[in-house]
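>>> here is the input, now give the coordinates:
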Amino acid sequence: MSSDDYLIQSGQTGFDRILGFIIPDRHARGRMVRLGPTLETILSAHDYPPAIKHLLAEALVLTAMMGSLLKEDGGQLTLQAQAKGGAIDLLACDYRGGELRGYVSHDREKAAAAGTSPRLENLCGEGYLAITFDLEGSGERYQGIVPLEGSSLSEACERYFAQSEQVPTLLRVAIRSEGTHCVAGGLLVQHFPEGEEGRERLHAKEDHPEWEHVAVMAGSTRHDELVDPYLSLEDLLIRLFHEEREVRVQPLAELSRGCRCSVEHYQSVLASFPEDQLAEMRDPDGTIPVDCAFCSKIIRVSA
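Next comes the predicted model:
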């Protein structure tokens with residue numbers, strides 16, 4: 001066991017947490033995340049090939065960072081990719097109140113043939129990525145859809161923010177996998193050229209001098225820094241933006257695997273089915289088996 005593995009297993013580092021920050025003078029905000037045990041727990045639900053494991057790890061980092069942008073407790077961010085012609089059929093991740101879950105439906109043979117680090121478009125074929133923000137308090141839902149093109153999910157998410165929200169956004173994700181252990185980290189930085197968050201962004205420009213400066217500093221992040229168990233997120237933030245007059249740090253939620261596959265949840269779902277359909281679903285013992293793709297468990301429900 002390497003020293004890094006020991007740190008991951010013993011929980012002695014800052015894994016499974018999100019750090020928020022604001023750079024007032026640059027009208028910028030950001031998120032940093034580093035996943036360890038929670039990521040391993042989610043990945044362990046299925047025997048994913050390397051390329052699929054890498055894709056899901058990236059998706060979970062992105063989901064955590066974007067989901068933490070929600071201001072309302074109880075709000076949910078869902079990232080879903082549907083594709084055809086490639087190794088991926090469906091990718092689904094969501095974030096709610098610090099809880100993460102994710103799953104990938106895939107063709108194992110095609111995934112193995114794609115290699116260990118395929119481009120996103122080569123892995124997925126044709127398809128789209130949908131990013132949905134659900135606000136619990138108001139009941140409002142916002143969704144943006146972009147094609148599954150380019151080299152990575154991070155690129156697709158940057159296009160989402162540029163097209164759907166007109167917010168210049170930089171995303172960086174790093175993944176390190178050694179045997180059964182996997183660590184992933186990410187950085188999200190956004191610019192609000194009109195000043196305070198929430199004001200109308202009529203003149204969002206990616207060539208704005210303030211944004212150019214922030215993007216250059218954030219873009220200097222190295223892959224190994226994002227997954228280094230000995231480098232705290234706070235120290236990495238200082239490395240990147242030590243020249244700024246002020247950087248406000250906002251410790252956010254601790255992260256955990258949050259599958260919602262309870263008997264009560266499935267009973268409420270099945271309650272909407274007519275009795276004749278429920279009868280077809282029941283096993284001889286009178287229960288209905290429900291297979292949760294997120295955690296690979298079969299829940300038996302009386303309905």
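>>> just give me the longest helix of this structure.
Looking across the chain with DSSP state H, the single longest helix is helix 50-67.
>>> let me see the mean pLDDT of it.
What helix 50-67 shows for mean pLDDT is 96.
>>> list the buried ones in it?
51-67 (16 or more other C-beta atoms under 10 Å). Any C-beta I mention is one placed from the backbone N, CA and C, and that applies to glycine too.
>>> quick one: least confident helix or strand in the protein?
helix 3-10 (a mean of 42; mean pLDDT, DSSP states H and E).
>>> pLDDT weak spots in this protein?
Within the chain, the ranges that satisfy pLDDT under 70 run 1-13, 193-207.
>>> all helices of it, in order?
Using DSSP H, helices in the chain cover 3-10, 37-43, 50-67, 108-113, 120-124, 153-164, 209-219, 223-226, 233-241, 263-270, 275-281.
>>> of all those helices, which lies closest to His181?
For His181, the closest of these is helix 3-10, at 5.3 Å, according to C-beta to C-beta.
>>> middle-most residue in the chain, spatially?
Residue closest to the average C-alpha location in the chain (C-alpha atoms, centre = their mean): Thr63, at 2.1 Å.
>>> hmm, that one is touching Leu91, no?
No - Thr63 lies out of contact with Leu91 (C-beta atoms under 8 Å); the separation is 10.3 Å.
>>> if I look at the two, which residues touch both of them?
In terms of C-beta atoms under 8 Å, 6 or more residues apart in numbering, Thr63 and Leu91 are both contacted by the residues 79, 102.
>>> residue contacts, Thr116?
Going by C-beta under 8 Å, 6+ apart, Thr116 touches 50-51, 54.
>>> tell me how many other residues surround Asp291.
By other C-beta atoms under 10 Å, the residues close to Asp291 number 9.
>>> nearest residue to it other than its sequence neighbours?
Spatial nearest neighbour of Asp291, excluding adjacent residues (C-beta to C-beta, 6 or more residues apart in numbering): Ile298 at 5.3 Å.
>>> distance of the one you found from Val290?
7 Å (C-beta to C-beta, to the nearest Å).
>>> more neighbours, the two?
Set Ile298 next to Val290 and count neighbours by other C-beta under 10 Å: Val290 wins out with 19 against 9.
>>> just the endpoints, please. Distance across stretch 281-299?
Chord length of stretch 281-299, first to last residue, is 13 Å (C-alpha to C-alpha, to the nearest Å).
>>> can you give me the buried ones in it?
If you call a residue buried by 16+ other C-beta under 10 Å, then stretch 281-299 has these buried ones: 288, 290, 292-295, 299.
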